[in-house]
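**Student:** Got a sequence here, can you build the structure:
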Amino acid sequence: MNLRRLLLPFSGLYWIGTSVRNMLYNIGMMRTTSFNIPIINVGNLSVGGTGKSPHIMYLIDLLKNEKLVSSLSRGYGRKTKGFLIANYSTKVYDIGDEPLQFFQRFKNRVLIAVCEDRVFGAKKLIDHYNAETILLDDAYQHRSIKAGFNILLTDYNNPYYKDYLLPAGDLRESSSGVKRANIIIVTKCPDRISEEKHKEISKKIKLKSHQQLFFSKIVYDNKIIGKLDTIEKSTWKNYNVILVTGIAKTDGLVKFAEENFANVLHLEYPDHHNFSQTEIEYIYKRYEDTEGRKRFDKIVLTTEKDYMRLMEESMIKDDLYYIPISIEINDKEKFNQTILEYVGQN
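**Tutor:** Got it, this is the predicted structure:
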């Protein structure tokens, strides 16, 4: 028995609170601010683990040649406050791991901003930086800012319609919130999904007339990247790996690593984890204890997001690598056209 189900009475109280809040927004008693540029919100109903970052990066890549694109998040885990724009001297504690990941991937081709007040942040991006499109990262419940287009993500292995409200489950609001979405993406899908499974999921989601449903899967790169070099997939079987993760859901990555490297020792930490010096020393000790004939037959492997927090740790930085990921979306042309039409018409 899942012991969290004992908390269902408290989920009832949580439902009352979130439902009243949503109702007040729906009837206009709580203020929503709109802007005259395209704003796309990418979020979910649950607490983390649906793959927002690669979907944001997909959208940046799609739109970066169309408009001056910006991403705006609160900058989870940062040690600063207020509005900040990423630049070449920005550190992970300035803006958080995911925004820094976006900046490292796209550099100055886009604006990467953080601000806990999304309305203030959007105004700054538009008035001072001439942003032409804003991607709101994880702001589905931040209804004080009016997005013109909402993309809702839900995990194939734990869809929102099988989950419970906090604290008995992982939902931030009830499943009725799905109606605000223009596009729903079922993420982290297996390589192949039968037509019957497609229909089953579509039936359970109960799409409204204004909604479209897509499916995406994680695609791991054919190389891993470190400070000193890159290592091609063709040689991965020669490496013993200390896999260090600080993400919400690790099953897919662990399975991929075990299939592609010689041996894998997984050191798992909480999502957005800030590593202490003691933990860095422990990681290094496990690396030193790992069998290897020479320097490059053993490595420390991590995610691109975790690399943002680990890349300056002197004990491991020369032996640290990350594996880039991207997404593939079924009916990619239709998805791209829908997004480009919205941005082009607003």
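**Student:** Next, work out how far apart the closest residue to Tyr287 other than its chain neighbours and Leu301 are.
**Tutor:** Using CB to CB, 6 or more residues apart in numbering and skipping the chain neighbours, the partner closest in space to Tyr287 is Ile242 (5.1 Å). The C-beta positions use only the backbone N, C-alpha and C, and glycine is treated the same way. To Leu301, Ile242 is 7 Å away according to CB to CB, to the nearest Å.
**Student:** How about Phe261?
**Tutor:** 8 Å.
**Student:** who has more neighbours, the two?
**Tutor:** Between Phe261 and Leu301, counting by other CB atoms under 10 Å, Leu301 is the more crowded of the two (26 against 18).
**Student:** Thr290: neighbouring residues, count only.
**Tutor:** Neighbour count of Thr290, defined by other CB under 10 Å: 17.
**Student:** nearest residue to it other than its sequence neighbours?
**Tutor:** Excluding its sequence neighbours, the residue lying closest to Thr290 (CB to CB, 6+ apart) is Lys298, at 4.7 Å.
**Student:** can you check Ile40 too?
**Tutor:** Phe149 (4.7 Å).
**Student:** from memory that neighbour sits against Asn182, does it?
**Tutor:** Yes. Counting by CB atoms under 8 Å, Phe149 touches Asn182, with 5.2 Å between them.
**Student:** Quickly list what's touching both of those two.
**Tutor:** Common contacts of Phe149 and Asn182 (CB atoms under 8 Å, 6 or more residues apart in numbering): Tyr342.
**Student:** Arg172: what's it in contact with?
**Tutor:** Counting by CB under 8 Å, 6+ apart, Arg172 has contacts Thr18, Asn44, Leu45, Ser46, Val47, Tyr140, Gln141, Leu166.
**Student:** Let's see which of those end up in helices.
**Tutor:** Within these, residues falling in helices by DSSP state H are Thr18.
**Student:** Using pLDDT, spot the least trustworthy of the contacts of Arg172.
**Tutor:** Ranked by pLDDT, the contacts of Arg172 bottom out at Val47 (90).
**Student:** Can you give me the distance of it to Ile218?
**Tutor:** Taken as CB to CB, the span from Val47 to Ile218 is 19 Å.
**Student:** Quick one: neighbours of Glu268, just the number.
**Tutor:** The burial count for Glu268: 12, using other CB under 10 Å.
**Student:** cool, the one 10 residues further on as well?
**Tutor:** Taking other CB under 10 Å as the neighbour definition, Thr278 ends up with a count of 8.
**Student:** Equivalent analysis for Tyr282, please.
**Tutor:** Neighbours of Tyr282 (other CB under 10 Å): 13.
**Student:** Spatially nearest residue to it (excluding sequence neighbours)?
**Tutor:** Leu267 (7.8 Å).
**Student:** Tell me which other helices or strands the strand or helix carrying Asp61 touches.
**Tutor:** Using DSSP states H and E, Asp61 falls within helix 52-63. Contacts defined by 3 or more CB pairs under 8 Å, 6 or more residues apart in numbering; DSSP states H and E place helix 52-63 against strand 39-44, strand 69-73, helix 97-106, strand 133-137, strand 149-155, strand 325-329, helix 332-345.
**Student:** try 6 Å this time
**Tutor:** strand 39-44, strand 69-73, strand 133-137, strand 325-329 (3 or more CB pairs under 6 Å, 6 or more residues apart in numbering; DSSP states H and E).
**Student:** strand partners of the longest one, parallel vs antiparallel please.
**Tutor:** Just to be clear, that refers to strand 39-44. With DSSP bridges as the test, strand 39-44 is paired with strand 133-137 (parallel), strand 149-155 (parallel).
**Student:** most packed of those?
**Tutor:** Of the strands paired with strand 39-44, the one with the most neighbours on average (mean count of other CB atoms under 10 Å) is strand 133-137, at a mean of 27.
**Student:** Give the rounded mean pLDDT of it.
**Tutor:** 97.
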